[in-house]
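In: attaching a predicted model along with its sequence, questions to come.
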Amino acid sequence: GAGVSQSPSNKVTEKGKDVELRCDPISGHTALYWYRQSLGQGLEFLIYFQGNSAPDKSGLPSDRFSAERTGGSVSTLTIQRTQQEDSAVYLCASSFGLGRQETQYFGPGTRLLVL
Amino acid sequence: AQSVTQPDIHITVSEGASLELRCNYSYGATPYLFWYVQSPGQGLQLLLKYFSGDTLVQGIKGFEAEFKRSQSSFNLRKPSVHWSDAAEYFCAVGVGGNKLVFGAGTILRVKS
């Protein structure tokens, strides 16, 4: 597609349930990033992928969070046993290559609400 | 540690007036700096970026930003604001590990 797409756009879940958030990067982009945007914490880096490997997972807030990327394309962010503090907008971005100078292109986000 | 400060949480300007959004960064190496804009319910759109060279950078939608190393600043400017510019603006610095570290954002309101 023309841009980064994410699904679902909105997700409401009950505390304790698992959720999966999906990201489709721009075709040909080798790097993929996940960020979280919440009222209290602003925009925070979670994890990035180069191809299918994740060299930096330092931003994942707990072991309930995991992510994978398959085929160098689609990525899934999984949150297990969701908590109310996980409520946020989860943004995915992709870039053509790696490097601090690379432009990251963002998707519209998945708005997660944990009740 | 690297950080980005946007001192103004909200700014209101009249349509047609000039705009300056402030951004200060803290980063030990050469900073790679970005400005993104986010409209309600939308993702982040890149306005402009600075890596090296000319310290005055031109971006989309008539925006520009000036990098001042001595002040650790990268302020965003626009000479004449349009109502469609109302949005939230984020300054960010690219750091090691290919992360972007963002400021808290500035919400721009445009009054007619």
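Out: The structure has been received and is ready for your questions. Numbers count the residues shown, from 1 in each chain, chains lettered A, B, ... in the order given.
In: use CA for all of it now, contacts and neighbours both
Out: OK.
In: what residues does chain B have near chain A?
Out: Where chain B comes near chain A, counting by Cα under 8 Å from any Cα of the partner chain, the residues are B:32, B:41-46, B:51, B:94-104.
In: in chain A, which residue sits closest to chain B?
Out: Among the residues of chain A, A:Pro108 lies nearest to chain B; the distance is 3.9 Å by Cα to the nearest Cα.
In: show the pLDDT at that residue.
Out: In the predicted model, A:Pro108 carries a pLDDT score of 94.
In: that one: neighbour count?
Out: A count of neighbours around A:Pro108, defined by other Cα atoms under 10 Å in any protein chain shown, yields 22.
In: A:Phe45 against B:Val95, yeah?
Out: No. Assessed by Cα atoms under 8 Å, A:Phe45 is found out of contact with B:Val95, at 11.1 Å.
In: common neighbours of the two, please.
Out: For the pair A:Phe45 and B:Val95, residues contacting each of them under the criterion Cα atoms under 8 Å, 6 or more residues apart in numbering or on different chains are B:Val101.
In: secondary structure element holding the residue of chain A closest to chain B?
Out: A:Pro108 belongs to no helix or strand when elements are defined using DSSP states H and E.
In: could you do the one 5 residues further on as well?
Out: Following DSSP H and E, the helix or strand that holds A:Leu113 is strand A:110-114.
In: that strand near chain B at all?
Out: No. Among the residues of strand A:110-114, none lie within reach of chain B under Cα under 8 Å from any Cα; the closest is 9.2 Å away.
In: out of everything not next to it in sequence, what's closest to A:Ala67?
Out: With sequence-adjacent residues excluded and distances taken as Cα to Cα, 6 or more residues apart in numbering or on different chains, A:Ala67 is closest to A:Leu77, at 4.3 Å.
In: actually, A:Val89.
Out: In space, not counting the residues next to it along the chain, A:Val89 is nearest to A:Arg111; the distance is 4.3 Å by Cα to Cα, 6+ apart.
In: ok, and the closest non-adjacent residue to the residue positioned nearest the centre of chain A?
Out: The centroid of chain A falls nearest to A:Trp34 when counting by Cα atoms, centre = their mean (3.3 Å). Sequence neighbours aside, A:Cys92 is the residue nearest to A:Trp34 in space, at 4.6 Å (criterion: Cα to Cα, 6+ apart).
In: could you check how far the one you found is from B:Gly94?
Out: Taking Cα to Cα, to the nearest Å as the criterion, A:Cys92 is separated from B:Gly94 by 16 Å.
In: for A:Gln6, give its distance to A:Phe106.
Out: Shown here: A:Gln6 relative to A:Phe106, a distance of 10 Å by Cα to Cα.
In: hey, what's in contact with both of the two?
Out: Both A:Gln6 and A:Phe106 are in contact with A:Cys92, where contact means Cα under 8 Å, 6+ apart.
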